[in-house]
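Asks: coordinates for the following, if possible.
(one chain, ligands or ions: 2)
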Amino acid sequence: MMVVHSAVASNTAFCSSWITTANRRASSERPFGVRIGRFHAERGPEWLGPARRAPRPKAVFRLRSAYDYDLIIIGAGVGGHGAALHARSKGLKTAVLTGGDAGGTCVNRGCVPSKALLAAAGKLRELKSVERLQAMGIAVQGQVAYDRQAVSNHANSLASRVRGNLVQSLRGLGVDVLDARGVLLEPQKVELRKPGEQTGDRRITARDVIIATGSVPAVPPGIQIDGKTVFTSDDALKLEWIPDWIAIIGSGYIGLEFSDVYTALGSEVTFIEAAPKLMPSFDVEISRLAERLLISPRPIDAYTGVFAAKVVPGMPGKTPVRIELVDAETRAPVEVLETDAALVATGRRPFTEGLGIEKLGVQLDRGFVPVDDRMQVLDQKGTPIEHLFCIGDANGKLMLAHAASAQGISVVENIAGNQSYFLRMECIPAACFTHPEISMVGLTEQQARDKAEREQFELGRAVGHFRANSKALAENHAEGIAKVLFRKDTGELLGMHIIGMHAADLIHEAANAMNAGVPIHKLAFSVHTHPTLSEICDEAFKAAAGMAAH
Ligand SMILES: Cc1cc2nc3c(=O)[nH]c(=O)nc-3n(C[C@H](O)[C@H](O)[C@H](O)COP(=O)(O)OP(=O)(O)OC[C@H]3O[C@@H](n4cnc5c(N)ncnc54)[C@H](O)[C@@H]3O)c2cc1C
Ligand SMILES: NC(=O)c1ccc[n+]([C@@H]2O[C@H](COP(=O)([O-])OP(=O)(O)OC[C@H]3O[C@@H](n4cnc5c(N)ncnc54)[C@H](O)[C@@H]3O)[C@@H](O)[C@H]2O)c1
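Replies: Ligands and ions are numbered 1, 2, ... in the order given. Have a look, this model is predicted:
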């Protein structure tokens, strides 16, 4: 047998992780021929001489594995990237399959370009806020204008820069980045195919495989996409034109963020939302405030409790988009709208077609890959399939970039031997990057009330106000609140919801405390720099613990 790797004491981080990985499987399962031997194990330290008795040098031999890789990751979005970086830090020989789309949704068609558009929208909004600026002694002379193509270029060039960095970081760490689509033949065997091809001539194997194939926009039946007048976020991000009037179908994250962009760029927006109220997944109090801050003062109107049952594209500047609205409950016709454009933001569906996973005995749930709490794929009987995992949007647990990456890290921890590591999904925060921002972690107030009733404890609720915060007042952005929910008996944090300037950054106060299990009465004694927005959280924590805030 051939020695393919040896690590010595000078490379202890690398060395110890290999030991951990191999040891976990050492006794029960060593099908892949990995053995480790410490050549000094039988010898006393004498041969080394007295000066080198402590610490003893270690050396680890790794013999050729029956597998090509320790880990194959199918999909190079943020989930796959996060998993691959962590795998290398654990010394795992890793391959990532990009499917011809390195960076995936977040980098190419999601978080990154949308936040670039939102950043431009935010600056425009600020410069056009005449009264807000005047109150600070500032006058903007002349017209505030923007160049649509330049704004679009800002978003697209940022995406390509981040994509380049992502691939470089993988290659730099020694990950094999393979520009192919992966098809599962067995849980530990993947066929590489070029995009569009039905067969492939290369097959690779790994001890563990992670599916990280992400998601694509979900378009309800009856809606025709032409990519010009009726489009999803994939096309909206290109910002090819600015419609005077755009219908946004769906008032979730994407709908809300794009309403912020379009109204800043001069469009009028009509929301079409199937649920009885806008922003149905948000905390009720926060969505009420969001309506006051993000909807009412802007050229936005809304239909709620209706479906866009049929949407027919138009021709820019010639014929309008035709949208037939029906009642969400009775399906009775409500109205026909004729707008310049329609953005379909009605959720996303997993991208699992052609992956070959059904042939392994997995029953997909509306396309989502069923997994357990360790992201291990479940077969149709609910039994975990050895060595096969699925992370990110493809498993549908929480369709957020950082959740995908965190799930990837948790899988790698587990396969590298840290079985005690467990990702607490309920502590993962989320944010909507409107102006002002909205952020949340844990339960909504209604969910917390239901839990309190079920488990018979008293729910605590405390609020910090932007209007009472020196920094927010100095910035002349004093709208919004930070609300914390907690158990009165134990002080356990159950959730936090913030709307206001930089809410997306502030939420980590609560998210990190929840993850670390810090109760509210301890959190109330943490010290915050003055004057900062973080004191709004401090105000809420202190109020919760019955202390007066400064
Ligand atoms: C407009 C928009 C804005 C968003 N903004 C945010 C935000 O601000 N914050 C946030 O947290 N989240 C945001 N999201 C969500 C975020 O983009 C996703 O949650 C995240 O990208 C999921 O990561 P993933 O790795 O699971 O999948 P993806 O990023 O979708 O990556 C999966 C990759 O796998 C590839 N692939 C698929 N099948 C195969 C195959 N068989 N072989 C090889 N490769 C394959 C795909 O082509 C893709 O490149 C946004 C989404 C959208 C649409
Ligand atoms: N800032 C962020 O973190 C961010 C930004 C954008 C997207 N995302 C992620 O992307 C995913 C998709 O976002 P999204 O906004 O498309 O989905 P979403 O699930 O957040 O919202 C979809 C909305 O569309 C409504 N809807 C569904 N079908 C409808 C129909 N036929 N007619 C009218 N309304 C309908 C739903 O009631 C819901 O309110 C989300 O899960 C989110 O996690 C995150």
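Asks: going by C-alpha atoms from here, please, whenever you check contacts or count neighbours.
Replies: Fine.
Asks: ligand 2 contacts on the stretch 151-300 of the chain?
Replies: By CA under 6 Å from any ligand atom, the residues of the stretch 151-300 of the chain that approach ligand 2 are 220, 249-255, 272-275, 279-280.
Asks: show me which of the residues you listed are buried.
Replies: 220, 249-255, 272-275, 279 (16 or more other CA atoms under 10 Å).
Asks: now, which of these lie within strands?
Replies: Using DSSP state E, the members of those that fall in strands are Ile249, Ile272, Glu273.
Asks: contacting residues for the first one?
Replies: With CA atoms under 8 Å, 6 or more residues apart in numbering as the criterion, the residues that contact Ile249 are Gly255, Phe271, Ile272, Glu273, Ala308, Ala342, Leu343, Val344, Ala345, Thr346.
Asks: for the second one, same thing?
Replies: Under the criterion of CA under 8 Å, 6+ apart, the neighbours of Ile272 are Ala247, Ile248, Ile249, Gly250, Ser251, Ala302, Tyr303, Thr304, Val306, Phe307, Ala308.
Asks: three-state assignment of the residue of the stretch 451-550 of the chain at minimum distance from ligand 1?
Replies: Minimum separation of the stretch 451-550 of the chain from ligand 1 (CA to the nearest ligand atom) falls at Ala504, amounting to 9.7 Å. Recorded secondary structure, Ala504: helix (DSSP: H, G, I helix; E, B strand; the rest coil).
Asks: and it, how far from Cys432?
Replies: 7 Å (CA to CA, to the nearest Å).
Asks: what of Gly347?
Replies: Counting by CA to CA - Gly347 and Cys432 are separated by 15 Å.
Asks: pull out the buried positions in stretch 385-396.
Replies: Ile385, His387, Leu388, Phe389, Cys390, Ile391, Gly392, Asp393, Ala394, Asn395, Gly396.
Asks: got these as CSV, with secondary structure, distance to ligand 2 and pLDDT columns?
Replies: Below are the buried residues of stretch 385-396 laid out as CSV (DSSP: H, G, I helix; E, B strand; the rest coil; distance: CA to the nearest ligand atom, whole Å; pLDDT from 0 to 100):
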residue, secondary structure, distance to ligand 2, pLDDT
Ile385, strand, 27, 98
His387, strand, 27, 98
Leu388, strand, 24, 98
Phe389, strand, 21, 98
Cys390, strand, 17, 98
Ile391, coil, 14, 98
Gly392, helix, 11, 98
Asp393, helix, 8, 98
Ala394, helix, 11, 98
Asn395, helix, 12, 98
Gly396, coil, 8, 97
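Asks: just send those back as CSV, with distance to ligand 1 too.
Replies: CSV is the format used below for these (distance: CA to the nearest ligand atom, whole Å):
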residue, distance to ligand 1
Ile385, 19
His387, 18
Leu388, 14
Phe389, 12
Cys390, 9
Ile391, 6
Gly392, 3
Asp393, 4
Ala394, 6
Asn395, 8
Gly396, 9
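Asks: about what we covered before: report the buried members of the contacts of Ile272.
Replies: Buried members of these, scored by 16+ other CA under 10 Å, are Ala247, Ile248, Ile249, Gly250, Ser251, Ala302, Tyr303, Thr304, Val306, Phe307, Ala308.
Asks: A strand includes the first one, no?
Replies: Yes: under three-state DSSP, Ala247 sits within a strand.
Asks: three-state assignment of Ala120?
Replies: helix.
Asks: how about it: what's its closest non-neighbour residue?
Replies: Closest residue in space to Ala120, ignoring its immediate chain neighbours: Val151 at 6.9 Å, by CA to CA, 6 or more residues apart in numbering.
Asks: element containing the one you found, please.
Replies: Using DSSP states H and E, Val151 maps to helix 148-172.
Asks: which outside residues touch that helix?
Replies: Contacts of helix 148-172 (CA under 8 Å, 6+ apart): 81, 84-85, 102-103, 107-108, 112-117, 120, 176-177, 237-242.
Asks: Ala139 touches Val130, doesn't it?
Replies: Yes: here Ala139 reaches Val130: they are 7.1 Å apart, a contact under CA atoms under 8 Å.
Asks: is it correct that Glu479 falls within a strand?
Replies: No: assessed with three-state DSSP, Glu479 is coil; it does not lie in a strand.
Asks: just for the protein, where's the confidence low?
Replies: 1-64, 549-550 (pLDDT under 70).
Asks: flag every residue of it that's near ligand 1.
Replies: Of all the residues in the chain, those lying near ligand 1 are 74-80, 97-99, 101-106, 109-111, 114, 181-183, 212-215, 233, 254, 351, 355, 392-394, 399-402, 404, going by CA under 6 Å from any ligand atom.
Asks: filter the residues you listed to the buried ones?
Replies: Buried, going by 16+ other CA under 10 Å: 74-80, 97-99, 101-106, 109-110, 114, 181-183, 212-215, 233, 254, 351, 355, 392-394, 399-402, 404, out of the residues of the chain next to ligand 1.
Asks: quick one: which of these sit in strands?
Replies: Those of these lying in strands (DSSP E): Ile74, Leu97, Arg181, Gly182, Val183, Ser215.
Asks: would CSV of these with distance to Pro195 be doable?
Replies: CSV is the format used below for these (distance: CA to CA, whole Å):
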residue, distance to Pro195
Ile74, 14
Leu97, 12
Arg181, 6
Gly182, 10
Val183, 11
Ser215, 17
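Asks: so which residues of the stretch 451-550 of the chain form helices?
Replies: Along the stretch 451-550 of the chain, counting by DSSP state H, counting those that start in this stretch, helices occupy 470-475, 503-506, 508-516, 520-523, 535-544.
Asks: domain parsing for the chain?
Replies: Domain assignment of the chain by the TED database yields the ranges 69-216+349-423, 230-346, 427-545.
Asks: in a markdown table: the residues of the stretch 151-300 of the chain next to ligand 2, plus distance to Gln447.
Replies: Formatted as a markdown table, these follow (distance: CA to CA, whole Å):
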| residue | distance to Gln447 |
| --- | --- |
| Pro220 | 28 |
| Ile249 | 26 |
| Gly250 | 22 |
| Ser251 | 20 |
| Gly252 | 18 |
| Tyr253 | 20 |
| Ile254 | 23 |
| Gly255 | 24 |
| Ile272 | 26 |
| Glu273 | 22 |
| Ala274 | 21 |
| Ala275 | 18 |
| Met279 | 16 |
| Pro280 | 13 |
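Asks: mind giving me the packing neighbours of the helix or strand hosting Val334?
Replies: Using DSSP H and E, Val334 falls within strand 333-339. Under the contact definition 3 or more CA pairs under 8 Å, 6 or more residues apart in numbering; DSSP states H and E, strand 333-339 sits against strand 245-249, strand 321-327.
Asks: pull up the pairing partners for the last one, direction included.
Replies: Pairing partners of strand 321-327, with direction, according to DSSP bridges: strand 306-312 (antiparallel), strand 333-339 (antiparallel).
Asks: nearest to Ala544 among these would be which one?
Replies: Closest to Ala544 of the strands paired with strand 321-327 is strand 306-312 (CA to CA; 39.5 Å).
Asks: list the contacts of the closest one.
Replies: Residues outside strand 306-312 that contact it (CA under 8 Å, 6+ apart) are 221-224, 230, 249, 272-275, 321-328, 334.
Asks: and stretch 513-525, how far out from the chain's middle?
Replies: 24 Å (CA atoms, centre = their mean, to the nearest Å).
Asks: then stretch 383-395?
Replies: Computed by CA atoms, centre = their mean, the chain-centroid distance of stretch 383-395 equals 17 Å.
Asks: count the residues that sit near the residue nearest to Leu506 when sequence neighbours are not counted.
Replies: Closest residue to Leu506 apart from its sequence neighbours, by CA to CA, 6+ apart: Ser534 at 6.2 Å. Here the count is done by other CA atoms under 10 Å, and Ser534 has 24 residues near it.
Asks: tell me if I'm right that Ser534 and His528 touch.
Replies: Yes: with contact defined as CA under 8 Å, Ser534 counts as touching His528 (6.6 Å).
Asks: can you give me every residue that contacts Gln143?
Replies: Gln143 touches nothing, counting by CA under 8 Å, 6+ apart.
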